[in-house]
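*Asks:* Fold the following for me, if possible:
(one chain, ligands or ions: 1)
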Amino acid sequence: MIIVGSGFAGLGMAIQLKQAGIDDFIVLEKAVDLGGTWRDNTYPGCACDVPSLMYSFSFEQNPAWSRMFARHDEISDYLQHCADKYWVRDHIHYGVVFTGAEYDEKASAWRVSTADGTEYVGRALVSGVGVLHIPSYPELPGVERFAGEVFHSAEWNHELDLAGKRVAVIGTGASAIQFVPRIATKVARLHLFQRTPPWIQPKPDLPIPGVFQRWFRRVPLLQRAARAALYWMLEARYFVVFNRRLGGFFEQLSKRYIRKVVKDPGVRAAVTPDYAMGCKRILLSSDYYPALNRSNVDLVTSGVGEVRPRSVVTGDGQEHPVDAIIYATGFHVTDAFAHLSIVGRDGRKLQDAWRNGMEAYLGIAVSGFPNLFFLLGPNTGLGHNSVVFMIESQINYVLGFLRSICRDEVSQIDVRQSVQDSFNAEIQSKLAGAVWSVGGCRSWYLDENGVNRAIWPGFTWKYWLRTRKADMADYETTVGRSR
Ligand code: N01
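*Replies:* Reported below is the predicted structural model:
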């Protein structure tokens, strides 16, 4: 078995294989450490906007979370702890860059290619890479002539001391709103280039008192109960994207928050979104708007026209002298797999299968690509609850297949095209009633045709129900041992 990636998804899959007594697997990891997005994103203020009690594996709840919303280091330590506790570290091959895979139908196996030319062969291939790992750099005219430092929020340059510098930040999404307040207090001037304002609600991020941690440790059932309560509260946020009246109500709350906190009327108007809430990720922050009140922070709403050696010039000709440019411009999502050569049955390429958009059955299986399973694949991302819940549902589902393959009960599992098609028709018809059908918003949830290929359009418990056990009638299988 080959797993690609060692973030929450890949690590969780490895742990469950180990727990199931399956030892014959490897994890390919491109970096020198595990942790996925929590290894890569180290920008100042990096934290989770999902409550910490929900942002952990159900089988390894952490009674020691120090805050309502865990910060980067705590999450990254948690993942390291899981790798150690469940003995999966030795299965991870670091510095191995997965470049593609070809299915060998005769052997019922995937031949995995890597950047250094080493080939790995596995009876099943599990992708745990997700879609938020290839930083997206906007094409700014003239940026190659820029004399200062340029970097992306997911590749933070910790060598550069921003104190006293003039800095341009491009983008105002989930990452930017976390680091802008941190760097605003240090830099001489911060020019914040906003293309579209996000919807933001205050973040109730308080320390978890020691007494709770002690009780969670002593009576794990208490933590489970708190987690269950939180789960249902988060689940209710799903209504925002389906019920316009409720969405409108929360929009009013956010607008009231803007009016209360943002002092300058021009800035207030500029940060007030004009599209339906939920179309992009709804962000949580209690320090982003206050940072915009600072006299050294300049919110720029005209787009970048050109970059000169020491400045950024907006489309309307305003020149902003800067020493560094930080891109907070997100990731390649809909083309996250475009650089990989994945070839399934009969020479079928994944790029061709996904020419009109990424699709899979339950976000996990793609017809024509037997024994290849995606974790956090198409339409299984979330805006309202914890993705760890989705990941665990998928791991459980895939584990059933991997067990059968290991026991030689089945050598090949390929989802039927008709099953995949009707599942995706159902997904898209559900999405037709959601906020994305209203239009007027640009979001990484939508592909270039405006189709949502990222988000699960339902309650997560419904997804859990559907993935509790695979219905083998959905799959074409070859019984018996691989050759
Ligand atoms: O990226 P984003 P991110 N010129 O795509 C702008 C997860 N995450 O890295 O809105 C100018 O949200 C773009 O503008 P617009 C989370 O799932 C989780 O911040 O497209 N601007 C937007 O403002 C999140 O959704 C946590 O008009 C350009 C920004 O850049 C995902 O990661 C924390 C531009 C990109 O925002 C991505 O977040 C952080 C251009 N050419 C992130 N291109 C948690 O707490 C883009 N922009 C769990």
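*Asks:* how close does Ala269 sit to the ligand?
*Replies:* Per CB to the nearest ligand atom, to the nearest Å, Ala269 is found 17 Å from the ligand. C-beta: built from backbone N, CA, C; applies to glycine.
*Asks:* Also Leu399?
*Replies:* Leu399 sits 25 Å away from the ligand, taking CB to the nearest ligand atom as the criterion.
*Asks:* What of Leu362?
*Replies:* 20 Å.
*Asks:* Could you report the pLDDT at that residue?
*Replies:* Leu362 is assigned 98 on the pLDDT scale.
*Asks:* residue contacts, it?
*Replies:* Neighbour list for Leu362: 380, 394, 397, 423, 463, 466-467 [criterion: CB atoms under 8 Å, 6 or more residues apart in numbering].
*Asks:* mind redoing it with 10 Å?
*Replies:* Shown in contact with Leu362 (CB atoms under 10 Å, 6 or more residues apart in numbering): 373-374, 377-380, 393-394, 397-398, 415, 419-420, 423, 427, 456, 463, 466-467, 470, 474.
*Asks:* What subset of those residues is buried?
*Replies:* Buried members of the contacts of Leu362, counted by 16 or more other CB atoms under 10 Å: 373-374, 377-380, 393-394, 397-398, 415, 419-420, 423, 427, 456, 463, 467, 470, 474.
*Asks:* Nearest spatial neighbour of the residue of the stretch 151-300 of the chain found nearest the ligand, chain-adjacent residues omitted?
*Replies:* Distances between the stretch 151-300 of the chain and the ligand by CB to the nearest ligand atom are smallest at Gly173, namely 2.1 Å. Residue nearest to Gly173 in three dimensions, not counting chain neighbours: Gly330, with 5.8 Å by CB to CB, 6 or more residues apart in numbering.
*Asks:* Gly377 now?
*Replies:* Gly377 sits nearest to Gly363 (CB to CB, 6+ apart), 4.0 Å away.
*Asks:* Unless I misread the structure, that neighbour falls within a strand.
*Replies:* No: with DSSP: H, G, I helix; E, B strand; the rest coil as the criterion, Gly363 is assigned coil and is not in a strand.
*Asks:* and it, backbone torsions?
*Replies:* Here is the backbone geometry of Gly363 (degrees, to the nearest 10): phi 70, psi 10.
*Asks:* was I right about it contacting Pro457?
*Replies:* No: Gly363 lies out of contact with Pro457 (CB atoms under 10 Å); the separation is 11.5 Å.
*Asks:* where does the residue nearest to Gly173 land on pLDDT?
*Replies:* Looking at Gly330, its pLDDT is 96.
*Asks:* ok, so what distance separates the spatially closest residue to Val97 that is not a sequence neighbour from Ser66?
*Replies:* Counting by CB to CB, 6+ apart, Val97 lies nearest to Ala115, which is 3.7 Å off, once chain neighbours are set aside. Separation of Ala115 from Ser66 (CB to CB, to the nearest Å): 38 Å.
*Asks:* Would you tell me what the next helix or strand after the longest helix that the chain contains is?
*Replies:* Determined from DSSP state H, the single longest helix within the chain is helix 387-406. Beyond helix 387-406 on the C-terminal side, the first helix or strand identified by DSSP states H and E is strand 410-415.
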